[in-house]
Structures are given as C-alpha cells and as structure tokens.
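**Student:** what follows is a predicted structure for the sequence shown.
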Amino acid sequence: MSLYIVRVFFIIISTFVGYQLGSLLEGFGQYWLWVGAGLGLVIATAIISLEFAMQNVSVRGLSAAVFGLLFGLLLAKLIAGAFIIVPLGENISLTLQVVLTLIFCYLGMVVAMRGRDEFNLIIPYVKFSRQNQKDDIILLDTSVIIDGRIADICTTKFIEGRFVVPKFVLRELQQIADSQDPLKRNRGRRGLDILNKIRKSTDVDVKISDEDFPELQEVDAKLVKMAKVLSGKIFTNDFNLNKIAELQGITVLNVNELANALKPVVLPGELMEVKLIKEGKEYNQGVAYLDDGTMVVVDNGRRLIGQTMKVMVTSVLQTTAGRMVFAKIENNR
C-alpha cells in the first residue's frame, strides 16, 4: 500500500513542478502553465510505467550493470586521454571521445551482467588487508556437517579461514531433517545441531551465504562453481564430490583422509596391548581394534577373546577401507 501512496505523491509533485516551470513561460501565454503541468504528469506516468517494466530486473543485475557502466566510463576516459598527444582536430577529438565512451560503456555493462553471479558473489568477501595475509574461504558440504567431526576439528584451531555455508546446503540439510525416514531425520537434525555448535564457537568465523546458482540443479555442482568463483576450498567427506572438485583444480579438505593420516604408525616387531573382542574370518583368529578404529587381526587369538593381551605386529596392510594390522600373541614366538 505504501508504494501506491509514493507513486501518487510523485505524480502530484511532478505535476506541480511542471506547472511551476510553465509559469516561467507565462509571458508567452497562459496556456504554458497547463502545458507544463501536463508535461509533468506525462513524464511522471512514463517513469512509473518504466518502474513497472523493470519489476523483473533483479538488484543483482542492476548493481552489476552500474558497475560495468562506471568501469566503461573510466576506461574510455583513460584511453581518450592517451590521444591527447596525437594532433587531432577539436571535432575529431570530441567524436572520438563519444565513440569510445559508447563502446566501452556497452562492453562494460554486457560483461558485468553476464558475470553478475561472480561479481555479486565476490563483493561480500572483499576486504582490505596486507598482501602477505590470506583469508581462506572454506565451503562446508552437507556430508561433513552431518559427520560431526568438524566441530572437534574447529576447537583444535588447526584450520584457519572463514567457513561459508551456502543457503542451498542449508536447504538440503533441512530437507534431510524433515525426511520421513527416521535414520535420515536423525542425521539431518544432528547436522543442524553441529552447525549451531560451530556458529556459536569463537574459534572460527562462519557465514551463511544467500548466493545460489539457479541454472544448476545439483548441490555438488553449485558447491564446485562457488568454490571456483571465490577461489575457495571445499570441506567434505563425500568421495564423489572430492574427485569432481579435484578434477577441476579445487582444493578439497577431506575429513576421512585427515583421519587416516593421523592414525598411529605401527611397524612389524612392535609390541602393543589390545583387547580381543571377536573371532576373525580365518581359523583360530581373534580381532581387536585400536583407539582410532584400526582393525588388529591376531593369529591364534580366538581362545583369548574377551582378554587384554600383549601382541607383536607381524605385518601392516593398507586397503581402500583403511589399515589392517596383523599380529601374534607375544608368548607364541
């Protein structure tokens, strides 16, 4: 309702201003008063009609166009200034300035509007800093939020930079939390709790980004494009997203790879103390687990299930699923 009041007020003021301008020409005839008022009314109506026609023009596109226009004007001014050293006539110089201004303003607006997503996405993250300081932007994936280990990693202060959670990731997380499947629903709610925990932490800076890429449907594809635009990193434990991002030259921080890298190194001949909890696949084997989840297969350990024993490492096998340690009871050398 307030917009209609503003429009009516604008029409009345424009008509009054036109009437006042017409009074300046009153000496040429009384009808100029009404001509001025009529012109004011027509111009105000035309401007309001133009405003209705621009309803589908987004602020993003308009800001990009204004930036392109200013950039084009500046570039045209610089290039036209370079022709001062050339002895040209006044008319030719003026014509050249007009032509260059038209060309560069047009090109600036077109280029800026074509890249309006990149332009409006980069601006919120621009800040003044020394050149030797780098503010890394890290995009969080849905999977790494649900995983939960990111909260513990943040408290260790090993990761520096700004965490960015895109709105489309938050939307996907909310859809999982609203799922009819109890398992998915619990995972989604856990992810929302973890995200709230991270945002309340003083160790990291977390920002929710409203930017979206409507032309892309997949969340992974949107994440990859956003990372390319911002020259940022992706924090995930999704294997497929990891590979796709790496193929496009994007740095990926994978929680699973970090966990594997932090597993303690064990060497053949080393002694360790483990608790046998179940039998192995092969005959007379017992299975134990280290604190990090590494499986320890103990030869002749089936009879000692439930007991804590000292074992000696015989070999270490690295598989796609993780690391496996083979050992034997210390007294059975």
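**Tutor:** Arrived safely. As the structure is a computational prediction, the values presented were derived from the model and not from experiment.

**Student:** use CA for all of it now, contacts and neighbours both
**Tutor:** Will do.

**Student:** so where's the stretch 201-333 of the chain shaky on pLDDT?
**Tutor:** Residues of the stretch 201-333 of the chain meeting the criterion pLDDT under 70: 202, 319-322, 331-333.

**Student:** any chance you could map the strands in it?
**Tutor:** With DSSP state E, counting those that start in this stretch as the definition, the stretch 201-333 of the chain shows strands at residue ranges 205-209, 233-236, 252-254, 271-275, 278-279, 285-289, 295-299, 308-319, 322-329.

**Student:** out of the ones you listed, nearest to residue 145?
**Tutor:** Nearest of those to residue 145, taken as Cα to Cα: strand 233-236 at 8.2 Å.

**Student:** so residue 104 sits against residue 75, correct?
**Tutor:** Yes. With the criterion set as Cα atoms under 8 Å, residue 104 and residue 75 qualify as a contacting pair; they are 6.9 Å apart.

**Student:** ok, those two, which is more surrounded?
**Tutor:** Per other Cα atoms under 10 Å, whichever of residue 104 and residue 75 has more neighbours is residue 104, with 22 against 17.

**Student:** show residues contacting the helix or strand that contains the more buried one.
**Tutor:** Element membership of residue 104, judged by DSSP states H and E, is helix 90-114. With Cα atoms under 8 Å, 6 or more residues apart in numbering as the test, helix 90-114 has contacts from 61, 64-73, 75-77, 79-80, 119.

**Student:** 7 Å instead?
**Tutor:** Taking contacts as Cα atoms under 7 Å, 6 or more residues apart in numbering, the residues outside helix 90-114 that touch it are 61, 64, 65, 68, 69, 71, 72, 73, 75, 76, 80.

**Student:** which elements pack onto the helix or strand where the third one lies?
**Tutor:** Okay, so that is residue 65. Element membership of residue 65 [criterion: DSSP H and E] is helix 59-82. Helices and strands touching helix 59-82, by 3 or more Cα pairs under 7 Å, 6 or more residues apart in numbering; DSSP states H and E, are helix 90-114, helix 116-122.

**Student:** which of those helices comes out lowest on mean pLDDT?
**Tutor:** Per-segment confidence across these bottoms out at helix 116-122, which has a mean of 52 in mean pLDDT.

**Student:** any idea how far residue 71 is from residue 102?
**Tutor:** Separation of residue 71 from residue 102 (Cα to Cα, to the nearest Å) stands at 12 Å.

**Student:** let me fix that: residue 161
**Tutor:** Between residue 161 and residue 102 the distance is 42 Å, computed by Cα to Cα.

**Student:** before we move on, the earlier item: can you redo the contacts of helix 90-114 as a markdown table with distance to residue 315?
**Tutor:** As requested, the contacts of helix 90-114 are exported to a markdown table (distance: Cα to Cα, whole Å):
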| residue | distance to residue 315 |
| --- | --- |
| 61 | 62 |
| 64 | 62 |
| 65 | 65 |
| 68 | 64 |
| 69 | 68 |
| 71 | 65 |
| 72 | 68 |
| 73 | 71 |
| 75 | 68 |
| 76 | 71 |
| 80 | 75 |
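
**Student:** and residue 157, what does it touch?
**Tutor:** Residues touching residue 157, when contacts are defined by Cα under 7 Å, 6+ apart, comprise residue 203.

**Student:** would you map out the domains in this protein?
**Tutor:** Domains of the chain are assigned by automatic domain parsing as 2-116, 131-260, 271-332.

**Student:** how far off centre is the first one?
**Tutor:** Centroid displacement of domain 2-116 relative to its chain, using Cα atoms, centre = their mean, to the nearest Å, is 36 Å.

**Student:** and if you look at the shortest one?
**Tutor:** For domain 271-332, the separation from the chain centroid amounts to 44 Å (computed by Cα atoms, centre = their mean).

**Student:** oh, and call the first residue 47 from now on, that's how I've got it
**Tutor:** All right, first residue 47 from here; so that's domain 317-378.
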